[in-house]
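A.B. asks: Need a 3D model of the sequence below.
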Amino acid sequence: METTRHMKKLSDSNETIRLPETVTNLVRVLGQNSAIVLMQAMPKLRFKVPLKAPQNLIEILGKDKAEAFCAEYAGEHFYCPDAANILRIYRDQTIAASDATVESLAREHGLSYRRIQQIRSATAGNVNEQQTDLFA
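C.D. replies: So this is what the prediction gives:
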């Protein structure tokens, strides 16, 4: 089976990131931060998803997200991928491309002000070729 068929392609100016379909669906259902939390808490585990959110899942995701997860995957045997690093790269790309303030990005992504600045400064060398030089 061809694995690229089951992956979503995300790209920026420097690299292409391919996310497994499972990860893409988790982000759609839970959002980026909660998907990372779930994959960190349950990496490489396979389990049958119940109709009602169990207490351990509520403790990991919170009630609303746990209920959303169970509503989406109820009755299925779910394999929780270990893709937190891939999602962190994607999150960092999203932060770097955002025009939002550092404060709002820190709140949105659950990161410190300093970490948002580090992510943005790491990508500061990526200059749009069509942009004119301010000091030219």
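
A.B. asks: From here on, just use CA atoms for contacts and neighbour counts.
C.D. replies: Noted.

A.B. asks: ok, the spatially most central residue of the chain to R88 distance?
C.D. replies: Taking Cα atoms, centre = their mean as the criterion, Q32 is the residue nearest the geometric centre of the chain, at 3.3 Å. As for Q32, its distance to R88 is 9 Å (criterion: Cα to Cα, to the nearest Å).

A.B. asks: List the buried residues in stretch 43-54.
C.D. replies: Buried residues in stretch 43-54, defined by neighbour count with 16 or more other Cα atoms under 10 Å: 43, 49-50, 53.

A.B. asks: Please go through the chain and pick out the longest helix.
C.D. replies: helix 84-97 (DSSP state H).

A.B. asks: C-terminal to it, which secondary structure element comes first?
C.D. replies: helix 102-109 (DSSP states H and E).

A.B. asks: relative orientation of that next one and helix 84-97 in degrees?
C.D. replies: For helix 102-109 against helix 84-97, the angle by axes from the mean of the first three to the mean of the last three Cα atoms, to 10 degrees is 150 degrees.

A.B. asks: which residues are contacting helix 102-109?
C.D. replies: 33, 95, 111-113, 116-117 (Cα atoms under 8 Å, 6 or more residues apart in numbering).

A.B. asks: what domains does the record give for this protein?
C.D. replies: The chain breaks down by automatic domain parsing into domains covering 3-84, 86-122.

A.B. asks: For M42, give me its contacts.
C.D. replies: The neighbours of M42, taking Cα under 8 Å, 6+ apart as the test, are C80.

A.B. asks: Quick check: it vs D99, distance?
C.D. replies: M42 is 33 Å from D99, where distance means Cα to Cα.

A.B. asks: tell me the pLDDT at E59?
C.D. replies: With respect to pLDDT, E59 scores 97.
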